[in-house]
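Asks: Have a look at this prediction, sequence included:
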Amino acid sequence: MIKISLVRNRRGHIARFTVSGHAYYDDPGKDIVCAGVSAVTQGTVNAIEKLTGLVPDAEVSEKDGLLKVATPSGGDEARNAQVQLLLEGMVVSLESIAEAYGKYVTIKQTFVE
């Protein structure tokens, strides 16, 4: 199962997210659930870098099915708002995948101070 963990700060902004595990929906290379989650999450990281110029702190381990991302810091208010918009778009896409393939994907959100 793919487990997605979103951590939001007290303002509700996404501070970091982690994706771990494998869906095992189909054989490797044919697994549309893993491919969808990977495309959405890695595409979001790439979009943040390309569109805002800010670089998230990301760690990837394909073997373990792990992606850990911390929201980039140091941007001005406008760029930080763009980062959040991209991340919220990611959440909408992931929720759509989880709705269709809930047996293979879970999303958990927590809030920290």
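Replies: Looks like it arrived, so ask away.
Asks: Just the buried residues of the host helix or strand of Thr18, please?
Replies: Element membership for Thr18 (DSSP states H and E) is strand 14-20. Counting neighbours by 16 or more other Cβ atoms under 10 Å, one finds that the buried residues in strand 14-20 are 14-19. C-betas here are computed from N, CA, C, even on glycine.
Asks: if I look at the spatially closest residue to Thr110 that is not a sequence neighbour, how far off is Lys103?
Replies: Spatial nearest neighbour of Thr110, excluding adjacent residues (Cβ to Cβ, 6 or more residues apart in numbering): Val7 at 5.5 Å. Computed as Cβ to Cβ, to the nearest Å, the Val7 to Lys103 distance reads 24 Å.
Asks: Which of these two has more residues huddled nearby?
Replies: The neighbour comparison of Val7 against Lys103 (other Cβ atoms under 10 Å) goes to Val7, with 17 against 11.
Asks: could you list every residue that touches the more buried one?
Replies: Residues in contact with Val7 (Cβ atoms under 8 Å, 6 or more residues apart in numbering) are 14-17, 109-112.
Asks: Which one of those is nearest to Ser73?
Replies: Of all those, the one with the least separation from Ser73 (Cβ to Cβ) is Ala15, at 9.8 Å.
Asks: just to revisit the earlier point, name the strands paired with the strand holding Thr18 and say parallel or antiparallel.
Replies: Strand 14-20 has these partner strands in its sheet, going by DSSP bridges: strand 2-8 (antiparallel), strand 66-70 (antiparallel).
Asks: what about stretch 14-26, how long is it end to end?
Replies: Distance across stretch 14-26, first residue to last, is 31 Å (Cα to Cα, to the nearest Å).
Asks: Distance from the chain centre to it, please.
Replies: Centroid displacement of stretch 14-26 relative to its chain, using Cα atoms, centre = their mean, to the nearest Å, is 8 Å.
Asks: Show residues contacting it.
Replies: Under the criterion Cβ under 8 Å, 6+ apart, external residues in contact with stretch 14-26 comprise 1-9, 31-34, 37, 41, 64-71, 84, 87-88, 90-91, 101, 104-105, 112.
Asks: average pLDDT across it?
Replies: Stretch 14-26 comes out with an average pLDDT of 97.
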